[in-house]
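*Asks:* Next input, structure requested:
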Amino acid sequence: MSINKKIVYSIGDYSYSLLIVLMLLGYPIFSILASVLDADLLTLFYRGLCILFGFIGMVFASSSLKNNLSYTKIQIIIIGLHLIYICWVFIYFSNGYKNENLDLSFYINNSIIFSLLPILLVNRNINENFYPLLKKQIRFTIVLFIVITFLAYKLGLSDEYRLSFEKINPISLSLYAAVAILLSFWVFKSKVILVVIVFILLTMMLLSGSRGPLVALAFVTSCLIFFRMKFLKKVTSVAIGFIVAFTVFYLYDIAVNYIPILSRFNFNTTEGGMSVNIREEQYRSALSIFSEHPFFGGSLVEHYAQFYPHNIILEILITGGVALFCIYLFVFFAIGVELQNSLKNRVPVCFYLIFCTLFVSYMFTSSLAGIGLMYFTVVIISRMNQGITHDKYNYH
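*Replies:* Okay, here's the model as predicted:
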């Protein structure tokens, strides 16, 4: 079989691709639409739509993915981790745990509906015959994301200070924009269009004022570029980096006068309740909980702000102590092995960068219940890896 042969995609192909695209980029679109139409049900409709397309992809045969429904090893491990974490959460609530900010519905929606169920529905290997359809839908969705964000902004629905909307916080908006940037390098052939799209998405990230996603994207892409350079170029890039950093530091106060949102990137600021000092207090509280309950944890949240501590490692330790930490350590070791094995094949590099960006950003911005997109990305990489290996074995 030649991958250049024109494929007539089936309803199963379109549905399976839509599940992947909606999981990667659909949330901000439906959240902004929910803000525009003042309809909370749209976000629930989005989650239901993902599950619906997943089921349709299972029921209808694929014309491009010639393989039986199955789960990869890393997928089974991630599913098992979800079940363990959910059971741990249920134990807390069954013992009388209550929290006004993060109730049981928060954990059910994020851990089960938005994370576990979509992972269960990704059950076909993805080969290169499937890429054209996937790319086409991603291109359309990225443009739609930009257009809807712009329209909502022009309608005056954004926060006056930061680019965000009632149904989606600035961190999530910025993080999905970062995902869209990385996917753009894979799906847009025209360099002119690519530059325009990336410029708009980067502007959205800056206007959101969210430091975590921007720092994560910059760190991951810088590492990729740096390690691909020759030695002399590495030395030159380090020197240029120091010059740029010094210039930004020197001109920062002047720039803030013209672009106030840049004040968010002063790590000593207390604006928005996101200062380093507040993080420090959250970390102290989390460490105190862990010291009192080191083996099996003592709380789902830290006691300073009654919220997750915005540090994944600390949240694991206060939730399940050393026992849960060892489980997560094993899972992430397995993920690392899967990623290393996938590098040997032609899995698009943008998906590795998405995983790394999500990992770095989630480490200091999200909760254990809210990192489903990262798990989903790993599963997509494993399905691509298996799909390419399958093609090599059968057709090359």
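
*Asks:* Just the buried residues of the lengthiest helix in the chain, please?
*Replies:* When the chain is parsed with DSSP state H, its longest helix is helix 312-342. Using 16 or more other CB atoms under 10 Å as the burial criterion, the residues of helix 312-342 that qualify are 312, 314-321, 324-325, 327-328, 331, 334-335, 338-339, 342. Placement of C-beta: from N, CA and C, glycine included.

*Asks:* what's the following helix or strand after it?
*Replies:* Using DSSP states H and E, the helix or strand that follows helix 312-342 towards the C-terminus is helix 349-365.

*Asks:* CA atoms of that following helix as CSV?
*Replies:* Extracted in CSV, the C-alpha atoms of helix 349-365 (Å, rounded to 0.1, in the frame of the first residue of the first chain):
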residue,chain,number,x,y,z
VAL,A,349,7.8,16.2,16.5
CYS,A,350,5.1,18.8,17.3
PHE,A,351,3.3,16.2,19.5
TYR,A,352,6.5,15.7,21.6
LEU,A,353,6.7,19.4,22.0
ILE,A,354,3.1,19.7,23.0
PHE,A,355,3.6,17.0,25.7
CYS,A,356,6.7,18.8,27.0
THR,A,357,5.0,22.2,27.0
LEU,A,358,2.0,20.8,28.8
PHE,A,359,4.2,19.0,31.3
VAL,A,360,6.3,22.1,32.2
SER,A,361,3.2,24.4,32.3
TYR,A,362,1.0,21.9,34.3
MET,A,363,3.8,21.4,36.8
PHE,A,364,3.3,24.9,38.2
THR,A,365,-0.2,25.9,37.2
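
*Asks:* Contacts for it, please.
*Replies:* With contact meaning CB atoms under 8 Å, 6 or more residues apart in numbering, helix 349-365 is reached by 24, 171, 175, 178-179, 182-183, 185-186, 210, 212-213, 215-217, 219-221, 224, 310-313, 339, 342-343, 370-371, 373-374, 377-378, 380-381, 384.

*Asks:* Mind doing that once more with 7 Å?
*Replies:* Residues outside helix 349-365 that contact it (CB atoms under 7 Å, 6 or more residues apart in numbering) are 171, 175, 178-179, 182-183, 185-186, 212-213, 216-217, 219-221, 224, 310-312, 339, 371, 373-374, 377-378, 380-381.

*Asks:* Narrow those residues to just the buried residues.
*Replies:* Judged by 16+ other CB under 10 Å, buried ones among the contacts of helix 349-365: 171, 175, 178-179, 182-183, 186, 212-213, 216-217, 220-221, 310-312, 339, 371, 373-374, 377-378, 380-381.

*Asks:* Quick one: low-confidence residue ranges for this protein.
*Replies:* 1-5, 63-67, 230-235, 237-238, 241-242, 244-246, 248-277, 387-396 (pLDDT under 70).

*Asks:* Isn't I56 up against D13?
*Replies:* No. Taking contacts as CB atoms under 7 Å, I56 lies outside contact range of D13: 10.4 Å.

*Asks:* neighbour-wise, which of those two wins?
*Replies:* Shown here are I56 and D13; by other CB atoms under 10 Å, D13 has more neighbours (23 against 17).

*Asks:* Spit out the contact partners of the closest residue to V122 other than its chain neighbours.
*Replies:* Leaving aside its chain neighbours, V122 sits nearest to V379 (5.2 Å; criterion: CB to CB, 6 or more residues apart in numbering). Contacts for V379 (CB under 7 Å, 6+ apart) come out as Q75, I78, I119, V122.

*Asks:* same question, Y308
*Replies:* Taking CB under 7 Å, 6+ apart as the test, what Y308 contacts is V301, E315, S367.

*Asks:* Which residue, other than its chain neighbours, is closest to it?
*Replies:* S367 is the one closest to Y308 (CB to CB, 6+ apart), at 3.8 Å.

*Asks:* burial measure for the one you found, as a count.
*Replies:* Counted with other CB under 10 Å, the neighbours of S367 add up to 22.

*Asks:* L287 now?
*Replies:* Around L287 there are 15 residues (other CB under 10 Å).

*Asks:* please begin residue numbering at 164 from this point
*Replies:* With 164 as the first residue, the last one maps to L450.

*Asks:* Now for it: which residues touch it?
*Replies:* So L450 contacts nothing (CB under 7 Å, 6+ apart).

*Asks:* same check, this time on Y234
*Replies:* Y234 neighbours (CB under 7 Å, 6+ apart): N286.

*Asks:* Tell me if it really is in a strand.
*Replies:* No. Residue state for Y234 (DSSP: H, G, I helix; E, B strand; the rest coil) corresponds to coil; a strand is not indicated.

*Asks:* give me phi/psi at it?
*Replies:* phi -120, psi 140 (degrees, to the nearest 10).

*Asks:* thinking again about what came up before, can you put the contacts of Y471 in CSV and add distance to R447?
*Replies:* Listed next are these as CSV, based on distance: CB to CB, whole Å:
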residue, distance to R447
V464, 14
E478, 14
S530, 18
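
*Asks:* nearest to K299, of these?
*Replies:* Nearest to K299 among the contacts of Y471 is S530, at 34.0 Å by CB to CB.

*Asks:* hang on, isn't the closest one packed against E478?
*Replies:* Yes. Assessed by CB under 7 Å, S530 is found in contact with E478 at 6.2 Å.

*Asks:* Widest-spaced pair of the contacts of V542?
*Replies:* Using CB to CB, the pair of the contacts of V542 lying farthest apart is I241 and V285, separated by 10.4 Å.

*Asks:* coming back round to it: tell me which of the contacts of Y471 is nearest to V199?
*Replies:* Closest approach to V199 among these (CB to CB): S530, at 27.3 Å.

*Asks:* gap between the closest one and A315?
*Replies:* Here the distance between S530 and A315 works out to 26 Å (CB to CB, to the nearest Å).

*Asks:* what's the answer for L480, then?
*Replies:* L480 is 39 Å from A315, by CB to CB.

*Asks:* and what of F303?
*Replies:* From F303 to A315 the distance is 18 Å (CB to CB).

*Asks:* that older thread, with respect to N231, which of the contacts of Y471 is nearest?
*Replies:* Among the contacts of Y471, and counting by CB to CB, the member closest to N231 is S530, at 35.6 Å.

*Asks:* Nice, that's everything, thank you.
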